[in-house]
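In: predicted model and sequence follow; I will ask about them next.
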Amino acid sequence: MPLTLKPHKPRTRRPGRQGKVLQRLIENDLIRKVSYDEYRDKVQQVYGGPKGAMLSVCSLMSLHIPLGERIFRARRFDLRGAKSILDVGSGAGQIAAHLLKYADADASITLSDLSRQMLRRARNRLKSPRPRFVACDLSSLPFEDGSFDCITCGYVLEHLPNPEPGLAEMSRVLQRGGRMFLLTTEDNFSGAWTSRLWYCRTYNRGELKRLCEQLGLHWKQELWFTRMHRALHAGGICVEIEKR
Ligand SMILES: C[S@@+](CC[C@H](N)C(=O)[O-])C[C@H]1O[C@@H](n2cnc3c(N)ncnc32)[C@H](O)[C@@H]1O
C-alpha cells in the first residue's frame, strides 16, 4: 500500500476574538497615530535615553542574546562565505557580537542605526576595531546598490509604520543571491507587550511573507530559537531570506 503523508500544516497562533481585543488594548498605537517624522523622534528619544541604556541587559534577560547566538553558532544561519555584512538597527550590538564571532575573519562588518547614542553604546560594548559605524534610517540607506552579500536586521522593521520602504532598501543594497537574517515582532500576545514597551508595531507572519516575496525576498527558511518558540511564537518572526 502506498504510504500517504499528511501535508504539513504550519501551526499559526489564532487568538479568539477576546484574545485579539486584549492584544489590541496592550499594543502601543503611537506608530499609527502620528507622522513618521514625529514617530522617529520618539524612537530616537526612547533608544537614546535610559531604556536604550538597558537594552543589552533586556536582551540578555529575554534570552535574545544567548538564543540568537545558538542560531549563528550552529550555522543555522550560516555566515561563512559572507564577505560584506550589514547589520541594520544594531542597537547595543547584540547581533553584531555574533557577527564578530562567527563571520569569516576577512568579512567587512558595517553597523547602522538611527540612533547615534546606540551606535556609541555598541562601539563601547563590542570593543572591536573591526566594524564601521553608520548613523542612518533603515528606509534610506546611504549605500550603493548591491553593496552587501549579507544583511542582519533584528527587531528593527517593527519601527516602520509601513515595512515596504525598509524592505525595499535592504533589498536594494543586497546583492542578488545575498542572504538576510530578519527578526521582527509578531502580532500575538508577547508581541503586543513588546510593542507596549518599545513603541513598535507588530507583523502578521503571512502578510509579511507575502510582501517579502513580492519584493523578490524569498523566505528560504523560518528559524526557531527553541521548541517553545516554535509552539508559542513568543520570540517573534525569525527568517532567513534570499534575494532572488
Ligand atoms: C530593539 S533594538 C534592536 C537591536 C539589535 N538589532 C537586536 O537584535 O537586539 C532596535 C534598534 O533599531 C533602531 N531603529 C529604530 N528605528 C530605526 C530606523 N528607522 N532605522 C534604523 N534603525 C532604527 C533603534 O535605534 C534601536 O537601536
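Out: Happy to help now that I have it.
In: what residues does this protein have near the ligand?
Out: The chain has residues 43, 47, 59, 64, 89-91, 94-95, 113-115, 118, 137-138, 154-156, 159-160 near the ligand, with proximity defined as C-beta under 6 Å from any ligand atom. Any C-beta I mention is one placed from the backbone N, CA and C, and that applies to glycine too.
In: from these, which land in strands?
Out: 113, 154 (DSSP state E).
In: give me the buried entries from the residues of the chain next to the ligand.
Out: 43, 47, 59, 64, 89-91, 94-95, 113-115, 118, 137-138, 154-156, 159-160 (16 or more other C-beta atoms under 10 Å).
In: and the next element down the chain from the longest strand that the chain contains?
Out: Counting residues, the longest strand found in the chain (DSSP E) is strand 174-184. Per DSSP states H and E, the first helix or strand lying C-terminal to strand 174-184 is helix 189-198.
In: mind listing residues that contact that following helix?
Out: The contact list for helix 189-198, computed with C-beta atoms under 8 Å, 6 or more residues apart in numbering, reads 15, 19, 22-24, 26-28, 46, 51, 155, 158-159, 185, 200-202, 232-236.
In: now do 7 Å
Out: By C-beta atoms under 7 Å, 6 or more residues apart in numbering, the list of residues contacting helix 189-198 from outside reads 23, 26-28, 46, 185, 200-202, 234, 236.
In: now the following helix or strand past that helix, how far from the centre of its chain.
Out: For helix 189-198, the following helix or strand on the C-terminal side (DSSP H and E) is helix 205-214. Offset of helix 205-214 from its chain centre (C-alpha atoms, centre = their mean, to the nearest Å): 15 Å.
In: list the buried residues in whichever helix or strand comes after helix 205-214.
Out: The helix or strand immediately downstream of helix 205-214 is strand 217-222, counting by DSSP H and E. Of the residues in strand 217-222, 217, 219 count as buried by neighbour count, 16+ other C-beta under 10 Å.
In: can you pull out the helices in the protein?
Out: For the chain, the helices defined by DSSP state H cover 17-26, 30-33, 36-48, 50-53, 55-61, 64-73, 94-102, 116-126, 163-173, 189-198, 205-214, 227-232.
In: show me the contacts for the most centrally placed residue in the chain.
Out: Residue closest to the mean C-alpha point of the chain, counted by C-alpha atoms, centre = their mean, is residue 154 at 2.4 Å. Residue 154 is in contact with 94-95, 183, counting by C-beta under 7 Å, 6+ apart.
In: just to revisit the earlier point, give the buried subset of the contacts of helix 189-198 as a PyMOL selection command.
Out: Buried members of these, defined by 16+ other C-beta under 10 Å, are picked up in PyMOL with:
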select buried, resi 23+27+28+46+185+200+201+202+234+236
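In: find the pair from the contacts of helix 189-198 with maximum spatial separation.
Out: Spatially, the most separated pair among those is 46 and 234, at 22.5 Å (C-beta to C-beta).
In: residue 116 is in contact with residue 135, isn't it?
Out: Yes. In this structure residue 116 lies within contact range of residue 135 using C-beta atoms under 7 Å: 4.9 Å.
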